[in-house]
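Colleague: Next one to model:
(2 chains)
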Amino acid sequence: MRISFNLNGRPASISADDAQMPLLYALRDSLSLRGPRFGCGLGQCGACTVHLEGAAVRSCVIPVSAVAGRTVVTLEGLGTPTHLHPLQEAFIAEQAVQCGYCINGMIMQAAALLRTTPHPSEEQIRTALAENLCRCGTHVRILRAVKRVADQMA
Amino acid sequence: MRLDVSRRDFLRTGGALVVTFALTPSRSATTPTNSTPKTVAADEVDGFLAIDARGRVTVYSGKVDLGTGLETALTQIAAEELSVPFDHVTVIQGDTALTPDQGITWGSLSIQNGGVQIRQAAATAREALLAEVAKAHGVPRESLTVEDGVISSAAGGKRWSYAELVGGRNLNVKLDAKAPLKSPKDYTIVGRPVARRDIPAKVTGQFTYMQDFKVQGMVHARVIRPRALKASLLTWSDAKARQIPGYLRAVRIENFLAVLAHSEWAAIKASRAIDSTWSDWQGLPEEAQLWDYVRGTDVVTVEDVQKVGDSAAAMKTQGARLVSASYDFAIHTHGSIGPSCAVAQYRAGKLTVWSASQQTHLLRQQLANMLGVQPADVRCIYLEGAGCYGRNGHEDAAADAALLAKHTGLPVRVQWMREDEHGWDPKGPPTLIDLRAAINHDNRVLSWESAAFIPHKPKETAVPLLAAELAELPREAVAFPGNISQSLGIPYTIPNIAARARWLSQTPFRPSWIRAPGRLQNTFANEGFLDELIVMIGADPMEFRLQNLNDPRGTELLHRLTTLSDWKPRRSPARQDGAVVKGRGLSYVKYELYRTYVGIVADVEVDKASGKVSAHKFYVAHDCGLIINPDGLRNQIEGNVVQTTSRTLLEELQFDRSRVTSIDWASYPILKFPDVPQVAIDLIDRPTEVPWGAGEPTAAVVPAAIANAIFDATGARLRSVPMTPAKVLAALQGVRSS
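Modeller: Have a look, this model is predicted:
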């Protein structure tokens, strides 16, 4: 079957043998994106986070058929090396990366938060990122980076 | 120095081509017209450095960036020592065909050993070029200086660039251990918080992680793990898998069973559609009896790792108070956020394996041994994966892929699933430490003895490859658990000390090293037990340590920590009422008794009703000698604190008699944002000292600081990691009943 949706502002279409295939594999394997990452396949860690209709979702547990006709944004669509999203700028400014494997999820989750809550408190940021796991212990910098953008927007 | 013109063409491409090679497997390290491969000799400058016709420098590093910022730090070191701009240096990492074997990327040695070796190669190259110019042009060496890769004479006029002087040719000069180093007062790149090179690509989805790497014609594989750790495969069928579009085939070699498919999702589905039956195996100890099992395990040998005076005699001092306690530290998993992944290609008798291995040279030996091929016919290439914090599943995924590639002739990508990583990566072994001490009538600690129950170390530093074990192929008999007796000794001036490793014949799970292996467990026991003695004596924890150190750097560090944390003399426990009580704990280490100094103060809160501990703030004073990149160093220290807080409060492998049962993030939780502490840091920079490691030492001090703070808050002594609410409640119950 063919599944068409809007990906990062452009029409995208893939053929899938299985409507139940998680969106993550369509994005990574069929569409060659690298922002969303495989971390657990269980919706527990957040490394695969993308925006579906503006909300942060776990692409590893969403069937690809569920995005037909809808709008998906990945880290690549949020900003590019030449037109960085304020969060990407802030993560660079704060050097808020160690291995960086979780960072896609951190930025996408934080971007969804800032859309609904432009001036979050630190506690709101911590709560919003609670289900995004980082193993390197980059949390203190990630918090600083998100706060930096929240303060800029204030 | 002799410039070898015949190899000019090859080396001109050397710097540029190899960068793309990592992503383009059809190319080789040797060009068709030049058969001499690049040297990887660690005693040759050419092993580590190349300078091309544009003056661009390529550094070849056997140590790899595991997400620690090493690539940037090595770039700083090489650029500084060669006096070339930072942007003119590129680092190639962990490629057996291109980079010298600098040992495993472990033990906080990548700067201390790896970076120092590269610095010496750079100094040798610079001095050789200066000498060459002096000789060729009859100018005094002393009149020559280098800036931005250009040598100039004080007399003025003449300038000679590295680009012209070397221009892609070999330097052909032996690494000179005595080549003079640049004076730290002239540093312009080292010591600066240079922004990491990899971060822009990592925050925009442009970075190539191992998990992103593809080769032409690549197929996807998944391994079907046994029902029990040592179970034998009895029957299997892929009848259902054959119905899945894209399914290729299964491969069974003894107890190794894998499926291959054209797409990743088909491989995952096929792995779930395979029917298999396995023999019953229940060789693991009961989880609830783990510490009895460890204590009862046969001892291979007892080793004195620190011996001062006569501790046994001192224990018998008349009138002395004897104190003893046992500390234990649970089995931990590495818990990489990205499960291990590798790609292998076997073509015309040559095996190429891309992986995130921290030990490509060792992996090459292991793969060659497993597959019965020559090491020269195996090339292992590093690509960064998710952080591993030690020897996790990367090498095992590489072995899975290599076995399948050789067996099928297809390029194979193996991506471990979450349950593979949690269930099958090697584990930080359970550690039990007995301590006892004698305190004299005048409150001096007379004698200290410790005994660590830890799995013994084979001579080889390898962990056997899982695929070799399952497929019953050649492999090492015993896994190396890490240098886990390190830091069992103590840095204090106690007159009689005996620290002993009781090396055990076995441990329940394939062991390996996880960040600060042994040093973490040993320092937890040492600094926790020391706090017990300090409480008995009625001393202040900071003052006691200062009085028992004979080490100016350690003393200065503790003074700096006193200021940073606003430490006030205290006697624990602080008497408090209320449902939530606050405490403060101190811990200190001189890593492995010879290098990096770290002191830490933890501020915690304990909820007496639930037993939940919140470690909300840490203060760290850190001295690792010369600092290469202070911001990178802070990032490592923060990471150590947060990760080890997680390990201390939450982490514990769960298992039944057959297998690991904590196979996801729900059953093996780690610290989440709401519980992440704040971290205040004071860096002590010593530009004229050698640069020591910083990837691990801060981890070592975290558990005891938390335990000592819990005691300070409540009077309850925690001697067991993780410090779960249940253990805290039990310890609080003990305080009430005593």
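
Colleague: Show me where the stretch 351-500 of chain B has its helices.
Modeller: Using DSSP state H, counting those that start in this stretch, the helices of the stretch 351-500 of chain B run over B:360-371, B:394-408, B:418-424, B:466-470.

Colleague: Show me what the third one packs onto, helices and strands only.
Modeller: Just to be clear, that refers to helix B:418-424. In this structure, helix B:418-424 makes packing contacts with no helix or strand, judged by 3 or more Cβ pairs under 8 Å, 6 or more residues apart in numbering or on different chains; DSSP states H and E. From N, CA and C alone the C-beta is placed, and that goes for glycine too.

Colleague: Can you point out the buried residues in that helix?
Modeller: Judged by neighbour count using 16 or more other Cβ atoms under 10 Å in any protein chain shown, the buried positions of helix B:418-424 are B:418, B:419, B:420, B:421, B:422, B:423, B:424.

Colleague: residues touching the last one, list them.
Modeller: Right, the one you point to is residue B:424. The contact partners of residue B:424, by Cβ atoms under 8 Å, 6 or more residues apart in numbering or on different chains, come to B:225, B:393, B:396, B:416, B:466, B:660.

Colleague: One more: the second one?
Modeller: Residue B:419 makes contact with B:225, B:663, B:664, according to Cβ under 8 Å, 6+ apart.

Colleague: Which of those residues sits closest to residue B:437?
Modeller: Using Cβ to Cβ, residue B:663 comes nearest to residue B:437 of the contacts of residue B:419, at 40.8 Å.

Colleague: Test for you: state the pLDDT assigned to the closest one.
Modeller: Looking at residue B:663, its pLDDT reads 98.

Colleague: okay, now it: neighbour count?
Modeller: Residue B:663 sits with 21 neighbouring residues when counted by other Cβ atoms under 10 Å in any protein chain shown.

Colleague: cool, the one 4 residues further on as well?
Modeller: Residue B:667 is surrounded by 12 other residues when neighbours are defined as other Cβ under 10 Å.

Colleague: same question, residue B:688
Modeller: Residues near residue B:688, counting by other Cβ under 10 Å, number 9.

Colleague: Over to it. Which of the three states is it?
Modeller: Classification of residue B:688 using DSSP: H, G, I helix; E, B strand; the rest coil returns coil.

Colleague: next helix or strand past the longest helix along chain B?
Modeller: Looking across chain B with DSSP state H, the single longest helix is helix B:116-137. Per DSSP states H and E, the first helix or strand lying C-terminal to helix B:116-137 is strand B:144-147.

Colleague: circling back to that earlier point, next, the buried residues of the longest helix of chain B.
Modeller: Using 16+ other Cβ under 10 Å as the test for burial, helix B:116-137 gives B:116-130, B:132-134.

Colleague: And stretch B:159-167, by the same measure?
Modeller: Buried residues in stretch B:159-167, defined by neighbour count with 16+ other Cβ under 10 Å: B:160, B:161, B:162, B:163, B:165, B:166, B:167.

Colleague: isn't the second one right up against residue B:150?
Modeller: Yes - look at residue B:161 against residue B:150 with Cβ atoms under 8 Å: they come within range, at 4.8 Å.

Colleague: Name the residue of the stretch 401-550 of chain B with the shortest distance to chain A.
Modeller: At 4.2 Å from chain A, residue B:418 is the closest residue in the stretch 401-550 of chain B, using Cβ to the nearest Cβ.

Colleague: List the residues that contact that residue.
Modeller: By Cβ under 8 Å, 6+ apart, the residues touching residue B:418 are A:39, A:40, A:41, A:42, A:44, B:339, B:663, B:664, B:665.

Colleague: again, only this time at 6 Å
Modeller: Residue B:418 makes contacts with A:40, A:41, B:339, B:664, as judged by Cβ atoms under 6 Å, 6 or more residues apart in numbering or on different chains.

Colleague: Among the residues you listed, which pair sits farthest apart?
Modeller: Based on Cβ to Cβ, the longest span within the contacts of residue B:418 runs between B:339 and B:664 and measures 11.2 Å.

Colleague: quick one, which of these two is more surrounded?
Modeller: Per other Cβ under 10 Å, whichever of residue B:339 and residue B:664 has more neighbours is residue B:339, with 25 against 18.

Colleague: How about the secondary structure of that one?
Modeller: Here residue B:339 is recorded as coil under three-state DSSP.

Colleague: tell me how far stretch B:386-405 is from the chain's mean position?
Modeller: In this view, stretch B:386-405 has its centroid 15 Å away from the chain centroid, taken as Cα atoms, centre = their mean, to the nearest Å.

Colleague: Against residue B:589, how distant is the spatially closest residue to residue B:593 that is not a sequence neighbour?
Modeller: Distances taken as Cβ to Cβ, 6 or more residues apart in numbering or on different chains place residue B:489 nearest to residue B:593, at 5.3 Å, with adjacent residues excluded. Look at residue B:489 and residue B:589: by Cβ to Cβ, to the nearest Å, they are 11 Å apart.

Colleague: The two - which one has more neighbours?
Modeller: Higher neighbour count among residue B:489 and residue B:589: residue B:589, with 28 against 22, using other Cβ under 10 Å.

Colleague: For residue 117, which non-adjacent residue is closest in space?
Modeller: If you meant another chain, say so; for now it's chain A. For residue A:117, ignoring the flanking residues on the chain, the nearest one in space by Cβ to Cβ, 6+ apart is residue A:124 at 6.1 Å.

Colleague: meant chain B actually
Modeller: Take residue B:117 and drop its neighbours on the chain: the residue closest to it by Cβ to Cβ, 6+ apart is residue B:102, 6.3 Å away.

Colleague: can you count the residues close to that neighbour?
Modeller: Residue B:102 has 23 neighbouring residues, counting by other Cβ under 10 Å.
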